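# Sequence first, then the predicted structure, then my questions.
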Amino acid sequence: MMNKLASIVAAALVSVCPPASSALANDPIDTLALIKQEGVLKVGMADSVPAQQKNPISGEWQGFNVDMAKNLAAALGVKLEIVDTTWSTIIPSLTQKQFDIAMVDMFRTPARAVTVDFTDSYMTTGNTWLVGADLDVTDWKQLDDPKYTVISIAGTAAVAQSDRLLPKAQKKTIVSDNAVAGQLEVAAGRASAHLSDYLQNALFMKANPSAKVKVLGGDAPIEATGYAYAIQPGDYHFLAFLNTWIAYNTTTGFISDRKLTWYGIK
């Protein structure tokens, strides 16, 4: 009788308490703890001047988000390791855990938020249309015509935005690690227009004063939105820490200082 009772109790305990491996599989992600444990912060970066770019001489990363990444590593008391990636692969690489966080000038959009979690915005900006200087248009809505070809770089938010804003225009998407590949296509006359961050367009024109291009609408961005950093979905401890870190660096003036250094604005 006692043996039968013991068997019933044991069976009940097995049904109530899942195996250790099953419990671990459902444990919440804690990237912050792993970073501290390993002593290394792995940051994914894709080229985009002047947010993050490789120095052509030294081969070292530099730019606004590089300074932010160094600040974040220092705040955590760990070493910084930058992992090279591309715009077309940065989110898949993040979800495959090739790095802890994507620190690039990435727009926080609903489409991307389906796959990753975003921090609070660290900067608000928006896109503008760069077109050929001789193009006879004064308003970007005039580009919604099959006679115009819009160039986009794969993996950027501008791909979907261009499709939505200019459904009738011809579309061409290219895969490139060159952050200004779209601007170069327009300058060379191989495309009519390119939708890109207004800061990047302005910096391209400043760096290439002889390029036959112009920006429609001046520096007023279309559908202004925020740049944010991306992490694994469900990593709430890390997300809370990052939002606190961004708020802190906003109040101390570090972000404004870095913006002035790399973008020429506060």
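On my side now, so go ahead. Residues are numbered from 1 along each chain as shown.
# Measure how buried Gly126 is and give me the count.
By the criterion of other C-beta atoms under 10 Å, Gly126 has 16 neighbours. Yep, even glycine has a C-beta here, placed from its N, CA and C like the rest.
# secondary structure class for it?
Three-state assignment for Gly126 (DSSP: H, G, I helix; E, B strand; the rest coil): strand.
# Would you confirm that it contacts Glu223?
Yes. Under the criterion of C-beta atoms under 8 Å, Gly126 makes contact with Glu223 at 6.0 Å.
# residue ranges for the strands of the stretch 101-250 of the chain, please.
101-107, 117-118, 123-132, 149-153, 170-174, 193-197, 213-215, 222-231 (DSSP state E, counting those that start in this stretch).
# I'd like to check what contacts the third one. Which residues are they?
Looking back up the chat, that one is strand 123-132. Applying C-beta atoms under 8 Å, 6 or more residues apart in numbering, the external contacts of strand 123-132 come out as 105, 137, 140, 143, 157-158, 161, 182-183, 186-187, 189, 192-199, 201, 204, 212-217, 219-227, 255, 259.
# Then the last one?
The set of residues external to strand 222-231 that reach it, using C-beta under 8 Å, 6+ apart, is 31, 90-91, 94, 100-103, 105-109, 112, 116-129, 140, 161, 165, 195, 238-239, 242.
# Please, a ChimeraX command that selects the buried ones among those residues?
Buried residues among those (16 or more other C-beta atoms under 10 Å), as a ChimeraX selection:
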select :31,90,91,94,100,101,102,103,105,106,107,108,112,116,117,118,119,120,122,123,125,126,127,128,129,140,161,165,195,238,239,242
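# Walk me through the domains of the protein.
The chain breaks down by automatic domain parsing into domains covering 29-124+225-263, 126-223.
# May I see those arranged in TSV, with mean pLDDT as well?
Listed next are those as TSV, based on pLDDT from 0 to 100:
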stretch	mean pLDDT
domain 29-124+225-263	95
domain 126-223	90
